[in-house]
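> Give me the fold of what follows.
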Amino acid sequence: MSKAINRRHFLRGAGVAIALPMLEAMGPSLKAAAIDRKPVKRVVCISNNYGIYKKAFFPKEAGANYEMPDTLKPLEKHRKDFTVFSHLDHGIPGGHACIPTLLNGVRPYLATNFPEGNISLDQKAAEHVGAATRYPSMVLKVNESNLVSFTRTGVQVPAVDLRQTYRALFLDEGPQAKARMTQTLQRHTSILDVVLGEAKSLNRHLGRQDQRKFGEYLDSVRSLEKKIVQQRPWIDRPKPKTEMPEPKPGQGTVADLKAMIELIALAIQTDSTRAITLTSGFRSGDLGLSGGYHGFSHHGEREKEVAALKLIERNQIAQTTHLVELLKNQEDPINGGTLFDHTMILFGCGMATGQHSTRDLPLLLAGGGFKHGEHKVYSDEKGKRVPAANLLLSMLQNFGLEIDRFGTSTGTLTGLETKA
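A predicted model of the protein is given here:
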């Protein structure tokens with residue numbers, strides 16, 4: 001008879017120490033608990049704030065036998081594991097003001113017109129995850145502000161940089177810091193208790209219109225209360241350990257983005273979070289280029305600016321490829337298979353080009369259990385165009401949410417199927 005294995009045993013490798021998956025040797029109760037369990041899904045959204053140079057991103061041919069465009073060539077050997085979409089967008093003008101619409105299709109100032117406001121895909125997924133992971137979501141940045149993550153109350157989620165990400169994942173707070181965190185949560189809970197108590201009394205004296213607005217306010221208070229409850233159990237739980245040294249930001253666009261991608265892979269491997277957004281920028285002087293990202297994006301088809309854009313964007317795709325390979329090479333400790341099998345990776349931007357066009361967004365989806373390998377071209381005819389939010393809805397359903405609308409969607413995306 002084989003010896004039972006304790007769930008607290010750890011495997012060490014790939015720079016981290018992680019708990020063992022559920023094995024038969026851990027006992028019949030754990031084995032039974034794993035039966036009929038829905039797969040655990042993850043989602044990673046990678047964006048920039050300036051769109052792309054379209055001629056080097058979109059394939060010329062539809063279907064599976066397309067010639068790989070220059071910008072996407074780092075992904076060539078994984079062509080069966082990702083899909084490129086043409087003619088998807090949110091159908092709204094606005095240039096830079098549309099960057100925040102990537103993951104919802106909703107301009108922030110119009111959020112009140114939608115049942116869930118302008119909540120972004122990652123934060124919707126985070127609500128679904130709840131307290132199952134230390135961080136329901138992680139919002140990250142490299143050399144650029146992250147503008148795409150919003151709560152259902154319209155609050156833009158602040159992003160953290162390379163050093164902050166590493167410390168959040170792997171550095172445990174000391175006893176004094178934990179005590180302060182506990183005290184802060186208790187104080188916030190007390191304040192919310194008072195607010196909700198006063199609200200019940202005030203609500204009775206409001207008219208119908210004010211009651212609706214006040215109800216939205218109370219929803220945000222209850223959302224905060226829920227987050228506090230979710231945070232409490234994680235204060236005293238130790239974080240995973242890693243052999244990876246703390247990265248030093250400022251090593252250049254390539255090195256910094258590569259380090260952040262590796263932290264994302266570790267965050268997924270350790271199940272520290274299941275919803276991640278990353279915005280990548282560029283710092284003048286890197287990649288042998290002199291000039292700013294914004295200036296390059298207004299290229300006017302000038303050779304120097306176009307060449308610079310292609311270098312920056314090809315690096316973003318190269319680092320996305322690095323993430324694909326890291327996840328492919330790591331066994332999924334929860335689901336079996338690889339982490340890539342159960343992780344959706346979306347690359348895109350809410351503004352199509354730096355010249356302020358929002359038509360035909362650059363959108364690429366890899367992994368997650370979908371059937372990939374094609375360039376899917378949708379209708380470009382007026383009145384027949386497909387909302388990009390349909391792709392977002394398909395992703396959320398794949399994540400495990402039982403919903404039939406999201407943002408400006410009209411349904412799920414036709415032609416995007418999951419593997420049997």
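> who touches the closest residue to Arg237 other than its chain neighbours in this structure?
Once flanking residues are discounted, Arg237 sits nearest to Arg134: 7.4 Å by Cβ to Cβ, 6 or more residues apart in numbering. For every residue, glycine as well, the C-beta is placed using N, CA and C. Neighbouring residues of Arg134 by Cβ atoms under 8 Å, 6 or more residues apart in numbering: Trp234, Arg237, Lys239, Ser272, Thr273.
> Just the buried residues of these.
Of the members of the contacts of Arg134, the ones counted as buried by neighbours, 16 or more other Cβ atoms under 10 Å, are Lys239, Ser272, Thr273.
> Looking at those, spot the one nearest Ile99.
Thr273 (22.9 Å; Cβ to Cβ).
> what does the model give the closest one for pLDDT?
Looking at Thr273, its pLDDT is 97.
> now swap in Leu11 and tell me
Reading off the model, Leu11 has pLDDT 45.
> With the one 5 residues further on instead?
Val16 carries a pLDDT value of 53.
> Spell out the residue ranges of the strands in this structure.
10-13, 16-19, 42-47, 82-86, 88-89, 138-142, 275-280, 343-348, 363-367, 375-377, 386-387 (DSSP state E).
> mind checking which of these is nearest Val157?
Closest of the strands of the chain to Val157 is strand 138-142, at 4.7 Å (criterion: Cβ to Cβ).
> what sits up against that closest one?
Under the contact criterion Cβ under 8 Å, 6+ apart, strand 138-142 has outside partners 122, 146, 149, 157-162, 165, 168, 253, 256-257, 260, 264, 267, 272-273, 275-281.
> For Leu396, find the nearest of the strands of the chain.
Closest approach to Leu396 among those (Cβ to Cβ): strand 42-47, 8.5 Å.
> Hey, what's the angle from the closest one to strand 363-367? Just curious.
150 degrees (axes from the mean of the first three to the mean of the last three Cα atoms, to 10 degrees).
> tell me the average confidence for strand 42-47?
The pLDDT scores in strand 42-47 average 98.
> just checking, what packs against it?
Secondary-structure packing of strand 42-47 (3 or more Cβ pairs under 8 Å, 6 or more residues apart in numbering; DSSP states H and E): helix 121-129, helix 253-269, strand 275-280, helix 303-328, strand 343-348.
> one more time with 7 Å, if that's ok
Helices and strands touching strand 42-47, by 3 or more Cβ pairs under 7 Å, 6 or more residues apart in numbering; DSSP states H and E, are helix 121-129, strand 275-280, strand 343-348.
> Each with direction, which strands does that strand pair with?
strand 275-280 (parallel), strand 343-348 (parallel) (DSSP bridges).
> Between those strands, which one is closest to Met395.
strand 343-348 (5.6 Å).
> Restricting the selection to alpha carbons, write that closest one to CSV.
Only the C-alpha atoms of strand 343-348 are listed here, as CSV (Å, rounded to 0.1, in the frame of the first residue of the first chain):
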residue,chain,number,x,y,z
THR,A,343,-4.9,30.5,-19.8
MET,A,344,-6.3,33.0,-22.3
ILE,A,345,-3.8,35.6,-23.5
LEU,A,346,-5.4,38.6,-25.3
PHE,A,347,-3.2,41.1,-27.0
GLY,A,348,-4.8,44.3,-28.2
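> Give me the contacts around it.
Applying Cβ atoms under 7 Å, 6 or more residues apart in numbering, the contact partners of strand 343-348 are 42-47, 102, 268, 320, 323-324, 327, 361-368, 395, 398.
> again with stretch 250-263
By Cβ under 7 Å, 6+ apart, stretch 250-263 touches 140, 142-143, 162, 165-166, 169, 247, 249, 278, 280, 282-283, 286-287, 315, 319, 322-323, 326.
> Tabulate the helices and strands packed on strand 42-47 in a markdown table, adding columns for mean neighbour count and distance to Thr71.
Output for the helices and strands packed on strand 42-47, formatted as a markdown table (neighbours: other Cβ atoms under 10 Å; distance: least, Cβ to Cβ, whole Å):
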| stretch | mean neighbour count | distance to Thr71 |
| --- | --- | --- |
| helix 121-129 | 24 | 23 |
| strand 275-280 | 27 | 14 |
| strand 343-348 | 24 | 10 |
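> Format those as a markdown table; extra columns: distance to Ile334.
Shown next, in a markdown table, are the helices and strands packed on strand 42-47 (distance: least, Cβ to Cβ, whole Å):
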| stretch | distance to Ile334 |
| --- | --- |
| helix 121-129 | 13 |
| strand 275-280 | 15 |
| strand 343-348 | 11 |
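> Which of the buried ones among the contacts of Arg134 sits closest to Val306?
Thr273 (36.6 Å).
> Excluding sequence neighbours, find me the nearest residue to that closest one.
Closest residue to Thr273 apart from its sequence neighbours, by Cβ to Cβ, 6+ apart: Tyr135 at 4.1 Å.
> Was I right to think the one you found contacts Ser272?
Yes - look at Tyr135 against Ser272 with Cβ atoms under 7 Å: they come within range, at 5.9 Å.
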